[in-house]
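Enquirer: Need a 3D model of the following:
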Amino acid sequence: MENFFALAAIVVGSAILGLALAYGMRRKDAHRPPDHDDARLKF
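Expert: This next block holds a predicted model:
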């Protein structure tokens with residue numbers, strides 16, 4: 001039974017991570033950030 005909960009947690013976590021990633025990518029494409037943001041993101 002513990003394995004089931006571990007598997008469920010991994011699946012749910014992956015789904016949330018994927019959704020967050022897709023949402024972030026779409027938002028970044030919608031309005032491009034200024035040039036000075038690129039330098040800050042690299043660190």
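
Enquirer: Go through the protein and flag its longest helix.
Expert: helix 2-30 (DSSP state H).

Enquirer: what is the rounded mean pLDDT of it?
Expert: Confidence for helix 2-30, expressed as mean pLDDT, is 89.

Enquirer: Please name every helix or strand in contact with it.
Expert: Helices and strands in packing contact with helix 2-30 are not found; criterion 3 or more C-beta pairs under 8 Å, 6 or more residues apart in numbering; DSSP states H and E. C-beta here means a position set from N, CA and C on the backbone, and glycine is covered the same way.

Enquirer: which of the residues in it are buried?
Expert: Neighbour-count burial for helix 2-30, with 16 or more other C-beta atoms under 10 Å as criterion, is recorded at no position.
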